[in-house]
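Undergrad: Here's my sequence, what's the structure:
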Amino acid sequence: MESTRRNFLKQSSITLAAAAVSSSVLSSLVGSETAEAADSSKKSAGKSDANRLFVEAASHCIATGELCVAHCSRELANENAEMAKCNTTVQSMMAVCASAMKLVALGSAHAKKAVELCAAVCKDCAEACEEHKAHFAHGMHLECKTCGEACREMEKACKAWLSA
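TA: Residues are numbered from 1 along each chain as shown. Predicted coordinates:
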């Protein structure tokens, strides 16, 4: 029971940390949107919407990734080696999503390259999470299922941002 409580507290802390990062980035985005409002044009308004949607999708993807990594870590601690690839791939996804999110929010000249990389890494992450698909119907590895779904949505968000 103490172990379950400790895991719950750990997951809650991770989720709160992800939310804090997301909130910080969203605040940056709001600040950049305020500056853009002074120059308001349809093109910049459209890009602002694309930026907001991208940041929201990235925040969600990172949050689900945190839960997936925690699940993988528990499974690895119980000697379930099949979770190693999922664990590594999800951690890579979270790092790339966080970087792309920040560059998009800042309006960096390197944002396009980061978003292209983010789409590729999210595709790989979704595929790694989906390797556990046979277990989903049995209520197992649902964190992986949720993470994979979020990565598929992030892929779409990357493509939408790139086309905006």
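Undergrad: Just name the shakiest helix or strand of this protein by mean pLDDT.
TA: In the chain, no helix or strand scores lower on mean pLDDT, DSSP states H and E than helix 2-38, which sits at a mean of 50.
Undergrad: immediately after it, which helix or strand?
TA: Per DSSP states H and E, helix 2-38 leads on to helix 42-77 as the next helix or strand towards the C-terminus.
Undergrad: where in this structure is pLDDT low?
TA: 1-46 (pLDDT under 70).
Undergrad: mind checking how far His138 is from Val121?
TA: Computed as Cβ to Cβ, to the nearest Å, the His138 to Val121 distance reads 28 Å. For every residue, glycine as well, the C-beta is placed using N, CA and C.
Undergrad: Neighbour count: those two, which is higher?
TA: Val121 (22 against 8; other Cβ atoms under 10 Å).
Undergrad: Quick check: which element contains the closest residue to the more buried one other than its chain neighbours?
TA: Here the nearest residue to Val121 in space, its sequence neighbours aside, is Val96; by Cβ to Cβ, 6 or more residues apart in numbering that works out to 4.4 Å. In this assignment (DSSP H and E), Val96 forms part of helix 84-106.
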